[in-house]
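**Q** fold the following for me, if possible:
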Amino acid sequence: MLDIEIANIYRLDGSSAIKAFCDIIVSNILLVKGIRIIEGRNGLFVRMPAKAGKDGKWYESIRPMSKEIRACLNEVIIKAFNE
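**A** Next comes the predicted model:
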């Protein structure tokens, strides 16, 4: 499985749904910056970095290739945020 290391967590103050930004290092070969930790209806979840398209919609810049990888990233990042 992936070796995921939390590089930084930048916590935000205020009432915004975005609670923090997170940077991770994947298997010591890839730095991913700008992951958002968001408070949703069912608790915290992770949103990958995204860019606005010409159509006004937002598209992930980095996309986990499976539900299992997305769940793993979510678990590791939320655990680190809660510590």
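**Q** can you tell me the average pLDDT over stretch 14-27?
**A** For stretch 14-27, the mean pLDDT works out to 94.
**Q** show me where pLDDT drops low in the chain?
**A** 1 (pLDDT under 70).
**Q** mind listing the helices for it?
**A** 67-82 (DSSP state H).
**Q** need the longest strand for it.
**A** Longest strand of the chain, by residue count under DSSP state E: strand 30-40.
**Q** give me the angle between it and helix 67-82.
**A** Angle, strand 30-40 to helix 67-82, by axes from the mean of the first three to the mean of the last three C-alpha atoms, to 10 degrees: 70 degrees.
**Q** what residues sit buried inside strand 30-40?
**A** Within strand 30-40, the residues that count as buried by 16 or more other C-beta atoms under 10 Å are 32, 35-37. In short, each C-beta sits where N, CA and C put it, glycine included.
**Q** give me the number of residues near residue 28?
**A** 8 (other C-beta atoms under 10 Å).
**Q** does it touch residue 2 like I think?
**A** No - with contact defined as C-beta atoms under 8 Å, residue 28 does not reach residue 2; the gap is 10.7 Å.
**Q** what's the burial count for residue 26?
**A** Residue 26: 15 neighbours (other C-beta under 10 Å).
**Q** swap that for residue 73, sorry
**A** Other residues close to residue 73 by other C-beta under 10 Å number 21.
**Q** give the contact list for it.
**A** By C-beta atoms under 8 Å, 6 or more residues apart in numbering, residue 73 lies in contact with 4, 24, 35, 46, 64.
**Q** compute the distance between the spatially most central residue of the chain and residue 56, please.
**A** When C-alpha atoms, centre = their mean is applied to the chain, the residue found nearest the centroid is residue 35 (3.3 Å). Plainly put, residue 35 is 22 Å away from residue 56 if you go by C-beta to C-beta, to the nearest Å.
**Q** identify the residues contacting residue 6.
**A** Contacts of residue 6 (C-beta under 8 Å, 6+ apart): 22-24, 76-77, 80.
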